[in-house]
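Enquirer: Below: sequence and its predicted model.
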Amino acid sequence: MRAILMHEFGPAETLRFAEVADPLPGPGQVRIAVAAAGVHLLDAAIRAGTATGPFAPPRLPMIPGREVAGVVDALGDGAPPAWLGRRVVAHLGMASGGYAERAVCAATSLHALPDGLGFEAAVAMIGTGRTALAILDVAALSADDVVLVTAAAGGLGTLLVQAARRVGAAVVGVAGGPAKVDRVRELGATAAVDYTRPGWPDEVRAALAGRDITVVLDGVGGDEGRAALELIGMGGRLVLYGWAAGKPTPLTADDLYTYGMTASAAIGPRLTGRPGGLRDFEERSLAAAAAGTLVPVVGQTFPLARAADAHTAVETRATVGKTVLTP
């Protein structure tokens, strides 16, 4: 089969398109003929050797990729026969191996695709969708909220904007560049602001005409995250879920007192250390996509051979929505 191999840590160019042996499913495993593989900023961090937390540097060489959708084409000993030939999606966890024409995973990791849900949409929801639901559970949004979403045109941001609007909250989406701002408006945001323009926080204030922001959902961190924090009204909530800018949003105990705010982290141990794992979030996210209550935005699809280009696009924030590879 054809796959992406990584022999060393480093820039996107370390990802090489190659012919490798087909993987064989072990006991309790299945093999998936991959139709779509998700690309995540964490994949890029693993490739660069900068991933932190539970993502220890993997043993090389390796095939990256943790989110796959396709059709089960082989079973290992003990895997339920009913999976053979089924349309499925799975998150591979720490195992990786998704940037390939075939990937193996535990049968217990599989989800059958709901009718009408395509492979690309499913692969966008299995990881990104489950994280969005975890963030929303922490945020507990209501129609009384005024929500600011950073990176609002990204895979997570587009889902969060939709969810906030669905509960009746006012939403300000912050994104980088005119095309992304336009996409955020199309999703129904009350206002959309370009954070690459000087003075963008003043544009947010003007758009709200005196209304206070009650919730900030921040996955960017760094200076942008800090500027978003400083827009929170008294008694507001800050929900953190990443730092695409390269460092977390600066936050001190003084900030909690100054703004009378609360701050929560929706990822890390709070997400990965849950009893029973993440499967309930995965099931809920796929059901939401199938029902149309959350519509994943698949912004760019790259052929498998161009995985390096996909990583570059994600790292430079040149993408809208979820980025997907297709063999």
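Expert: Looks like it came in fine.

Enquirer: State the distance from residue 175 to residue 150.
Expert: 8 Å (Cβ to Cβ, to the nearest Å). (Glycine included, C-beta is placed from N, CA and C.)

Enquirer: likewise residue 172?
Expert: From residue 172 to residue 150 the distance is 10 Å (Cβ to Cβ).

Enquirer: shared neighbours, the two?
Expert: Jointly contacting residue 172 and residue 150 under the rule Cβ atoms under 8 Å, 6 or more residues apart in numbering is no residue at all.

Enquirer: Strands of the stretch 101-250 of the chain, start to end?
Expert: Counting by DSSP state E, counting those that start in this stretch, residue ranges of the strands within the stretch 101-250 of the chain are 102-106, 110-112, 146-149, 170-175, 191-194, 213-218, 232-240.

Enquirer: could you dump those strands to JSON lines with mean neighbour count, mean pLDDT and distance to residue 94?
Expert: Shown next, in JSON lines, are the strands of the stretch 101-250 of the chain (neighbours: other Cβ atoms under 10 Å; pLDDT from 0 to 100; distance: least, Cβ to Cβ, whole Å):
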{"stretch": "strand 102-106", "mean neighbour count": "23", "mean pLDDT": "97", "distance to residue 94": "11"}
{"stretch": "strand 110-112", "mean neighbour count": "18", "mean pLDDT": "98", "distance to residue 94": "17"}
{"stretch": "strand 146-149", "mean neighbour count": "27", "mean pLDDT": "98", "distance to residue 94": "29"}
{"stretch": "strand 170-175", "mean neighbour count": "28", "mean pLDDT": "97", "distance to residue 94": "31"}
{"stretch": "strand 191-194", "mean neighbour count": "21", "mean pLDDT": "97", "distance to residue 94": "36"}
{"stretch": "strand 213-218", "mean neighbour count": "26", "mean pLDDT": "98", "distance to residue 94": "26"}
{"stretch": "strand 232-240", "mean neighbour count": "19", "mean pLDDT": "96", "distance to residue 94": "23"}
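
Enquirer: so where's the stretch 151-300 of the chain shaky on pLDDT?
Expert: Applying pLDDT under 70 to the stretch 151-300 of the chain flags residues 273-276.

Enquirer: do the same with the stretch 1-150 of the chain
Expert: 53-54.
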